[in-house]
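Novice: Sharing a model that was predicted from the sequence below.
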Amino acid sequence: MTMSRGTGDAPGYGGAEHNSAQRTEPVAGYEADPATRPIHGVSGGQPRTAERRRWGGLVAVALVAGVVGGGVGLGGGMLLADSGSPAPVLSQRDPVTGTQVNAQAGSVQFAASKTSASTVDIAVRSGRSATEGTGVVLTPDGYVLTNNHVVESGGQISVTLSDGTVKSAQVVGTSPSYDLAVIKLDGASGLTPAELGKSSALVVGQQVVAIGSPLGLEGTVTSGIVSALNRTVEAKGDSGQSVIYNGIQTDASINSGNSGGPLVNLDGQVIGINSAILSSGQNSGNIGLGFAIPIDTASRVANELIKNGVATKPQLGIAGTDSSAGGAMVSTVVPGSAAEQAGIKTGETIAKVNGRSVSSFADLVAQISANAPGSKVALTVTDSQGSNPREVEVTLGSQQDKAPQTTGQFDSGYEQQDPFGLPYGSVPGGR
């Protein structure tokens, strides 16, 4: 789910094309085989964890600009002297309204100022490989939320706080199906927890701000809007297993190193955890198609990880494929599962979840996983031809989240290979 940067010996998310024997359909508006790219990792195996390690190049440019500017100024002075005119006197003024100094609530500046203190840089080193991502401070004593793909490689974790303090950290628990993890900083106290908002309150077009460490530049702030909601996103990580989630789409610039960082509203409330980008062709950078895990899901998972060290995910109890009539066709019903208890049968098609159309089996996985275990969901079920619809209420089961939720392993007790051959980073069905 790609948002941390990965190099060294370990391939990053979306590193090489994943070949499939099966034909994949292009998503409308994208290339045929778009790929989600990693947002972690560094070159040379040495994590970049501070801006000052990059300032050398930037300062050189500034110095060149200063020399050129001096030359231009000198030339201008000569021309003025030759004309007999006095040298200009330059002056500066304070902002008229003061908004450039004091951040006003509801502005990008306010959101960035409020959330930056709760955003950290995470570097993970294992042998010759190193990864780097971002995290969100949850508690004063150092619980931090990030992406699972930032820390799943194992190794020593080094966390840089907003004030430059560096702390070691340990993994508390991971949730592979949601690409989430919680780490705990060693000897931390007095940290500033982020304020968590509600992703359920988001609307398309709403302004949002992303904060993180793209390419090692800690504390980078970018802004954009919520481009779409309930976007089904599928991405593959280093393990080769797909992770599917119901995501927030944004055009706020997100690049390698933003993984696990906050997406916030203009009140400075975290409404998503940045996790993936969609790229086209050879372009591995941002093209305005970023995705975040909704905070409503992330907060539930984080609470469980902090409390129990393990998270849970909902269980419907079926396996299936895309239906030719649209929706998700059921190929197997797990005995004793929620689906069986609701009367769902092999060969039937699930067309809607809580009134929202299902475009593919992957979309069904994403919509179900957006609910908490034990939730009641209303399914619209049809025959294999998409006819004779009926409404079914299902109480979702629960299982521990120890492996990614994919189109091939939908519930415990049943496994099969990915029936789609979908490329990593695809948006199935264009939802």
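Specialist: In hand now; what should we look at?
Novice: which residue packs closest to Asn255, ignoring adjacent ones?
Specialist: Pro214 (3.8 Å; CB to CB, 6 or more residues apart in numbering). C-beta here means a position set from N, CA and C on the backbone, and glycine is covered the same way.
Novice: no wait, Gln206
Specialist: Here the residue nearest Gln206, using CB to CB, 6+ apart, is Val226, at 4.8 Å.
Novice: List the buried residues in the helix or strand the one you found falls within.
Specialist: Following DSSP states H and E, one finds Val226 within strand 220-236. Residues of strand 220-236 classed as buried under the neighbour-count rule (16 or more other CB atoms under 10 Å) are 220-224, 226-229, 231-236.
Novice: after it, next one along is what?
Specialist: Downstream of strand 220-236, the first helix or strand assigned by DSSP H and E is strand 242-250.
Novice: Show me what that next one packs onto, helices and strands only.
Specialist: strand 220-236, strand 269-279, strand 290-294, helix 361-369 (3 or more CB pairs under 8 Å, 6 or more residues apart in numbering; DSSP states H and E).
Novice: Go again with 6 Å.
Specialist: strand 220-236, strand 290-294, helix 361-369 (3 or more CB pairs under 6 Å, 6 or more residues apart in numbering; DSSP states H and E).
Novice: Need the contact partners of that strand.
Specialist: Contacts with strand 242-250, where a contact means CB atoms under 6 Å, 6 or more residues apart in numbering, come from 1, 179, 208, 224, 226-228, 230-231, 233-236, 272, 290-294, 362, 365-366, 370, 404, 406.
Novice: What pairs with it, parallel or antiparallel?
Specialist: For strand 242-250, the paired strands and their directions (DSSP bridges) read strand 220-236 (antiparallel), strand 290-294 (antiparallel).
Novice: With respect to Thr382, which of the ones you listed lies nearest?
Specialist: Distances from Thr382 to each of those were compared using CB to CB; the minimum, 19.9 Å, belongs to strand 220-236.
Novice: Using CSV, write out the CA atom coordinates for the closest one.
Specialist: Only the C-alpha atoms of strand 220-236 are listed here, as CSV (Å, rounded to 0.1, in the frame of the first residue of the first chain):
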residue,chain,number,x,y,z
THR,A,220,6.5,18.8,4.5
VAL,A,221,3.0,20.3,4.2
THR,A,222,0.9,20.0,1.0
SER,A,223,-2.7,20.8,0.5
GLY,A,224,-5.6,19.8,-1.8
ILE,A,225,-9.1,18.5,-1.7
VAL,A,226,-11.1,15.4,-1.1
SER,A,227,-11.3,14.1,-4.7
ALA,A,228,-13.6,11.1,-4.0
LEU,A,229,-14.9,9.0,-1.1
ASN,A,230,-15.3,5.2,-0.8
ARG,A,231,-12.7,4.5,-3.4
THR,A,232,-11.8,0.9,-3.6
VAL,A,233,-8.0,0.6,-3.5
GLU,A,234,-6.0,-2.5,-4.0
ALA,A,235,-2.2,-2.5,-3.5
LYS,A,236,0.5,-5.1,-3.1
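Novice: returning to that earlier point: return the residues in contact with the residue nearest to Gln206.
Specialist: By CB under 6 Å, 6+ apart, the residues touching Val226 are 202, 204, 206, 208, 250.
Novice: Inside strands: which ones of the residues you listed?
Specialist: When the contacts of Val226 are checked against strands using DSSP state E, the ones located there are 208, 250.
Novice: Of the contacts of Val226, which is the most crowded?
Specialist: Greatest neighbour count in the contacts of Val226, by other CB atoms under 10 Å, goes to Thr250: 29 neighbours.
Novice: circling back: looking at the helices and strands packed on strand 242-250, which is nearest to Val333?
Specialist: Smallest distance to Val333 across the helices and strands packed on strand 242-250 (CB to CB): 13.8 Å, for helix 361-369.
Novice: Just list what that closest one packs against, helices and strands only.
Specialist: strand 220-236, strand 242-250, strand 318-322.
Novice: For the helix or strand following that helix, buried residues please.
Specialist: Sequence order places strand 376-382 as the next helix or strand after helix 361-369, per DSSP H and E. With burial defined by 16+ other CB under 10 Å, the residues of strand 376-382 counted as buried are 377, 379-382.
Novice: Direction included, what does strand 376-382 pair up with?
Specialist: Within its sheet, strand 376-382 is paired with strand 349-353 (antiparallel), strand 390-395 (antiparallel), according to DSSP bridges.
Novice: Find the one among the ones you listed with the highest mean neighbour count.
Specialist: Relative to the other members of the strands paired with strand 376-382, strand 349-353 carries the highest mean neighbour count by mean count of other CB atoms under 10 Å, namely a mean of 23.
Novice: tilt between it and helix 361-369?
Specialist: For strand 349-353 against helix 361-369, the angle by axes from the mean of the first three to the mean of the last three CA atoms, to 10 degrees is 50 degrees.
Novice: Report the inter-axis angle for strand 349-353 versus strand 318-322.
Specialist: Between the axes of strand 349-353 and strand 318-322, defined by the same axes, to 10 degrees, the angle is 100 degrees.
Novice: what about dumping the CA coordinates of strand 349-353 to CSV?
Specialist: As requested, the backbone C-alpha atoms of strand 349-353 are provided in CSV (Å, rounded to 0.1, in the frame of the first residue of the first chain):
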residue,chain,number,x,y,z
THR,A,349,-24.5,-12.3,-6.6
ILE,A,350,-24.1,-9.6,-4.0
ALA,A,351,-25.1,-6.4,-5.8
LYS,A,352,-25.3,-3.8,-3.0
VAL,A,353,-24.0,-3.2,0.5
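Novice: when you give positions from now on, start the count at 21
Specialist: Okay, using 21 as the starting number, the last item reads as strand 369-373.
Novice: From the rest of the structure, what touches it?
Specialist: 343, 347-349, 378, 384, 387, 397, 399-402.
Novice: before we move on, back to that, mind putting the helices and strands packed on helix 381-389 in TSV, distance to Thr151 included?
Specialist: Putting the helices and strands packed on helix 381-389 into TSV (distance: least, CB to CB, whole Å) gives the following:
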stretch	distance to Thr151
strand 240-256	16
strand 262-270	16
strand 338-342	32
